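Undergrad: No letters, just coordinates:
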Ligand SMILES: O=C(O)CCC(=O)C(=O)O
């Protein structure tokens, strides 16, 4: 897809789907680096950067955040890559790479990702930010595919409330109204396929109901250089957190 039409699709739908954005070899390298990172470094990570479906059970690893802080390979992926260039094209400004994440949904117990808008966590003004989601293996309805509500980025921020999902503490409680369901698009992805969404696009992911398949993906977040912290939104969020308790 030409840069021009990528941008117009992104503006219209709030997301783009780029099949085979990375080659089989590139995905094999990322997976190998991740496996090595998990084997050698994950035990020493602070709890805010690593989460398990079952506490202290390493076989149920669900999420690692800020990989770029701990491993120069992932710093390169975030800062000096085609991902950065793509983020700049979509946001039409310089971008700041914020984080590289690893998402897994372990077989049978990998929970659904609640419907949410990343911007609710980001709290930016203007809301100039994109999230990228790269499939590291086959992902479909059985093991936790990602879905987007087409055009939802144009409708502002929906009400969010606390969820019980570790790593995704905020969700849209009234998700599921006809306007959501009619516009929801699910993505069956192969290793190397890339999804990119705007910070206001409503999205979620299904649970992993398979017996044996994992569901591995890499996430990247970029903020536009113009995006500043929305101090009022942040203060309201912190107040809500304090009222609800830990
Ligand atoms: O992989 C998932 O389950 C969800 C990822 C997600 O919410 C995101 O990339 O913003």
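TA: The structure has been received and is ready for your questions. As the structure is a prediction and not an experimental result, all values here were calculated from the model. Residues are numbered from 1 along each chain as shown.
Undergrad: Every contact and neighbour count from this point should use C-alpha atoms.
TA: Will do.
Undergrad: what about residue 234, which helix or strand?
TA: Counting by DSSP states H and E, the element that carries residue 234 is helix 231-244.
Undergrad: What's the mean pLDDT across that helix?
TA: Across helix 231-244, pLDDT averages out at 70.
Undergrad: go on, stretch 83-92?
TA: Here the average pLDDT along stretch 83-92 is 97.
Undergrad: next one: it to chain centre, how far?
TA: 16 Å (C-alpha atoms, centre = their mean, to the nearest Å).
Undergrad: What residues sit buried inside that stretch?
TA: Within stretch 83-92, the residues that qualify as buried are 83, 84, 86, 87, 88, 89, 90, 91, counting by 16 or more other C-alpha atoms under 10 Å.
Undergrad: likewise stretch 182-193?
TA: Those would be 184, 186, 187, 189, 190, 191, 192, 193, for stretch 182-193 by 16+ other C-alpha under 10 Å.
Undergrad: can you list contacts of it?
TA: Residues outside stretch 182-193 that contact it (C-alpha atoms under 8 Å, 6 or more residues apart in numbering): 17-24, 26-27, 134-141, 145-151.
Undergrad: Regarding it, how distant is the last residue from the first?
TA: End-to-end distance for stretch 182-193, by C-alpha to C-alpha, to the nearest Å: 24 Å.
Undergrad: how about that stretch, does it get close to the ligand?
TA: No: no part of stretch 182-193 sits near the ligand under the criterion C-alpha under 6 Å from any ligand atom; the closest distance found is 11.8 Å.
Undergrad: Quickly find the element holding residue 179.
TA: Going by DSSP H and E, residue 179 is part of helix 178-181.
Undergrad: now for that helix, which elements pack on it?
TA: Helix 178-181 is packed against no helix or strand, with contacts defined by 3 or more C-alpha pairs under 8 Å, 6 or more residues apart in numbering; DSSP states H and E.
Undergrad: let's see it at 10 Å
TA: strand 146-149 (3 or more C-alpha pairs under 10 Å, 6 or more residues apart in numbering; DSSP states H and E).
Undergrad: Quick one: distance of the strand it packs on to the chain centre.
TA: 11 Å.
Undergrad: Assign a three-state SS to residue 114, would you?
TA: Secondary structure assignment for residue 114 (DSSP: H, G, I helix; E, B strand; the rest coil): strand.
Undergrad: number of nearby residues for it?
TA: The number of residues packed near residue 114 is 22, by other C-alpha atoms under 10 Å.
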